[in-house]
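Student: pasting a predicted model and its sequence here:
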Amino acid sequence: MLSLLIFLPAATALVLFLLPRSQESYAKWVAAGAALIGLVLALLMYVDFDQLDGGLQFVERRAWIEGVGFDVQYFVGVDGLSATLVLLTAFLFVIAAFVSWNVELRPREYFGWLMLLETAVLGVFAAQDLVLFFLFWELELVPMFFLISIWGTGRKEYSAMKFLLYTFAGSALMLVGFLVLGFAAGTFDMEELARADLSGAAISLNAVFFLILAAFAVKLPVIPLHTWLPDAHTDAPTAVSVILAGVLLKMGGYGLIRILVGILPEQFDKYDVYLAALAAASVLYGAVLTMRQQDLKRLVAYSSVSHMGYVLLGVAALGEVGLTGASLQMFTHGTITALLFVMVGLIYDRAHTRQISDLSGLAHVMPIAATVFLIAGLASLGLPAMSGFVAELLVFLGSVERFEAPTILAVTGILLSAGYILWTAQRILFGPRNERWARLPDATSWWEQVSMAALVGVIIGVGIYPATIVDVLEHGVRRSLGAG
Amino acid sequence: MLDDLDRIGPVLAMAGVGALLLIWDFLPQGRVLPRARGKALLAFALVGPSLSAAWALSLLTRDEAAYSFANSVVLDDFSLFFYFLFAGISAAVVLASQDYGRRFGAHEGEFYALVLFASAAMQLLASSRDLILIFVALEVTSISQYIMAALQRDDRATEAGVKYLLMGAVASAVILYGMAYLFGLTGTTRLVAPEGEISIASVVAERGDEMRAGLLLASVMLIAGLGFKMAVVPFQMWVPDVYQGSAAPVGAFLSVASKAAGFAVAMRIFYEGLADQVISESWADVFAILAAVSMTAGNVLALVQSNIKRLLGYSSIAQAGYIMVGLAAVSAAGGLSQGASSVLFYMGAYALTNLGAFIVVIAISARTGSDEIADYAGLFRRSPALALGLALALVSLTGIPPTAGFVAKLYIFNAAVESDLVWLVVFGVLNSVVSAFYYIRVAGLMFTAEPTAPESVPTTVALKLALTVAVAGILFVGIVPSPLLDAARDAAAVFSQ
């Protein structure tokens, strides 16, 4: 079932690429249909997930490459953390398909690449073999490159290449780390690696730690490796921004928890104070940069840098609470930022500008969009009863004992985020009514409303009753910690 | 004697068809249309690789592993691997060259014959265990390739041919000098021989310590000379000019076959003749340094190219560097077989990939006469199949899944890690990042930019077939690597006996 879930989008991509040109208007239906089936599968799996069974579930494994010293398995399975992120991925790709509804430029290719991207991301979250993990990790590069460079705006080629090179550089170093680990333990199996004696590694495990960290730090992103993110976000089409912020960044957080905490806990323990400091710096620096942004999309992008700092802080705390908080933050940030990007895309689609100074008084002309934008903003600044609040609270609870100063600094980040969110909302939604925008249509298409309603529903639902997600996440967190 | 001939049957078949092709080409043609004649030549040329591969297949099923010609030629899994590889490469190059036949004019038949001669000599090279035979075979390949390079007979091709010839002559001299040195030290030209007979390997094992300095000198000279064939830095000067100046099919052949031949001989000489610990660590170090320099220089210089053939030229220098990482991966315990098999696997994957890329270049070059990268803009809109083929090949050269290049890099770097060469692997992966820039930029250009001309690029059925096989191969090896991996392992196993 897991394999079906992973490869259904890839098969769909193939169908889309082979679709005759005369049928290209059906591309979006095919893609949305496949994404919906994927969501149903992911939901079934999530419901079926047994939290009392401590191990991996829905496991499928067979030998892929066999040989002395180079055994690679096709080994997929999910624990609580993977299952939640798989669900998030399947959900956001449905949203991504919907918000792409009016893409008219080469739609077969567009939806084809989008579907291929889904396979790559699902594969990353489900892979339980380091080489397989790496394979899916790299598989994501080409679809993203084309999605940004063909369907993007602005300096799209530049941003696409920057994204590609940053990610590729990080993952190249990660590969070295993986190979050293694999050779030391004689296996690439993540479960066995977590138990294996790695003392015979060819280079010091500290070096391995930093090699692998490089990939995750770029992806998360952690300052000073974040500069690709605003460019990629700003120039990507809306759906790709949704996916990028919603799930691709989570690959970094997931890697931190699953691979670094799971396999190299001692090294993590040794350097966690630096990571916490970096986390606090990311939160604050990201927030300060966010305040200075003039472009709505860049603003949301920089706020992601700030919010992913919380993830790093929670992980660095290395406790159950902190890790659960970090995992939940990944889920909630995925939904909240996705909604923010949907709204920014919607405004841009109608107003053809993203300059904050140009926009004003939108609440008068597009009340639905303005309300949803406000909900997303409030969720993003961590208002109670919305999912962001629970996650950030858990992160701080988890980290305050271990890292007092970084935690206190990071908490002030909340104030800053309240500042930029409310200030932005005030400027674009509530400012004086502007004649230029008087005839702006509201969010009226069914696909816009479905996307918004689904995202708002999840954000508030998880905020009110976080246990649906938290209980499952804890399963994965315990496994990462316990195995180490 | 007949048995001996049977064991080099694939070589004879290839060379024999080449010779017949030359004779036929000379015969008065009567009033045959040039097009029909081109087709007939192509069909006949294909008999060579087909027959060669069929013969190799029969040898494989008969399990005839043995020495022949007084131990100077050996038929083992390694030889068979290269019999198949060179048959495949020559078939692909011949198929893809039909589009180019017009540009070769009356020399079309000669080109096919030269490809077959060179391939036959390369097959012989991979199965030689005697320095003299190696040198003779090496010269046959070289001379065929010098002629090929100049065959287009315009200024640039002539310049390329002369340049290639002059530098190649120096390289041959250096190889010969190294071989003479080795002979002087050991008193034999046999690399290995059955138990009890004298060979370079047995002498080195016995008295290696006292002749270490001499062995090292000989190794360095052999590496330098063979480095020319493999096109690694600093013996790469000829590559960009020759690739750019000569016809595109020639570039395709040189970039794949010549390189593979160079590595095959290097493996025979160093893994069989000079495999003893006394010397192996030293030459492995030399390989490691050359690998690092080659990858870096090739990739950095490729960044600034505006001509696709020059770009692929520099890229092939960098790729030779990656392959050499595998050659360097010998020293650690049990590493030999892993390093050797990773070289062979990489070679197979690289052959598919680079041929795939060059086939598209041939098609474009033959129809539009341009090799400028700028003219590849919007190719996807004009000829989607060609654009997809080239893009996939470039992705594979970068080493991104699900392609053959990804598995090949993974495997070769894994072998290096096992041999304690982590620093070299770091070099390698960072180089992949540099290479991503120029490979993916070209791929992006074909899909994103506006086409420079509206019309599509027509191709022949033969070229389409070659491209389809290459593309299918890239994907197949990328997703199901086991068959090629097993073949590479079996072939490499001859070195650990």
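Tutor: Looks like it arrived, so ask away.
Student: which strand or helix spans B:M295?
Tutor: Assessed by DSSP states H and E, B:M295 sits inside helix B:277-302.
Student: count the neighbours of A:T468 for me.
Tutor: Neighbourhood size, A:T468 [other Cβ atoms under 10 Å in any protein chain shown]: 13. In this view, the C-beta of every residue, glycine as well, is placed from N, C-alpha and C.
Student: got any ranges where the stretch 201-350 of chain A has weak pLDDT?
Tutor: Within the stretch 201-350 of chain A, no stretch has pLDDT under 70.
Student: in the longest helix seen in chain A, what's buried?
Tutor: Taking DSSP state H as the criterion, chain A has its longest helix at helix A:320-351. Judged by neighbour count (16 or more other Cβ atoms under 10 Å in any protein chain shown), helix A:320-351 contains these buried residues: A:320-348, A:350-351.
Student: who are the packing partners of whichever helix or strand comes after it?
Tutor: Later in the chain than helix A:320-351, the nearest helix or strand by DSSP H and E is helix A:362-365. Counting by 3 or more Cβ pairs under 8 Å, 6 or more residues apart in numbering or on different chains; DSSP states H and E, the packing neighbours recorded for helix A:362-365 are helix A:367-380.
Student: can you name the residue of the stretch 51-200 of chain A nearest to chain B?
Tutor: Closest contact between the stretch 51-200 of chain A and chain B, by Cβ to the nearest Cβ, is at A:A172 (3.5 Å).
Student: and that residue, which of the three is it?
Tutor: helix (DSSP: H, G, I helix; E, B strand; the rest coil).
Student: wait, it sits on B:V429?
Tutor: Yes - counting by Cβ atoms under 8 Å, B:V429 is a contact partner of A:A172 at 3.5 Å.
Student: these two: which is more packed in?
Tutor: When A:A172 and B:V429 are compared for neighbours, A:A172 comes out ahead with 25 against 22, by other Cβ under 10 Å.
Student: residue contacts, that one?
Tutor: B:V429, B:L430, B:S432, B:V433 (Cβ atoms under 8 Å, 6 or more residues apart in numbering or on different chains).
Student: rerun at 10 Å
Tutor: By Cβ atoms under 10 Å, 6 or more residues apart in numbering or on different chains, the contact set of A:A172 is A:138, A:211, A:214-215, B:399, B:409, B:413, B:425-426, B:428-433, B:436.
Student: cool, and B:K229?
Tutor: Applying Cβ under 10 Å, 6+ apart, one finds that B:K229 lies in contact with B:122, B:125, B:138, B:141-142, B:145, B:168, B:171-172, B:175, B:235, B:254, B:258-266, B:320.
Student: kindly report the same for A:G461.
Tutor: Neighbours of A:G461 in contact, by Cβ under 10 Å, 6+ apart: A:T335, A:M386, A:S387, A:T468, A:I469.
Student: which helix or which strand is home to it?
Tutor: Per DSSP H and E, A:G461 falls inside helix A:446-464.
Student: so which residue of chain B comes closest to chain A?
Tutor: For chain B, Cβ to the nearest Cβ, closest residue to chain A: B:V429, 3.5 Å.
Student: surely that residue meets A:F134?
Tutor: No - counting by Cβ atoms under 10 Å, B:V429 stays clear of A:F134, with 11.3 Å between them.
Student: where do the contact lists of those two overlap?
Tutor: Residues touching both B:V429 and A:F134 by Cβ under 10 Å, 6+ apart: A:S171, A:M174, A:L175, A:L179.
Student: and the gap between the residue of chain A most remote from its centre and chain B?
Tutor: Within chain A, A:E435 marks the point farthest from the mean C-alpha position, 37.8 Å out by Cα atoms, centre = their mean. For A:E435, the distance to chain B equals 38 Å [Cβ to the nearest Cβ, to the nearest Å].
Student: contact partners for that residue?
Tutor: Going by Cβ under 10 Å, 6+ apart, A:E435 touches A:G361.
Student: thanks a lot, see you next time.
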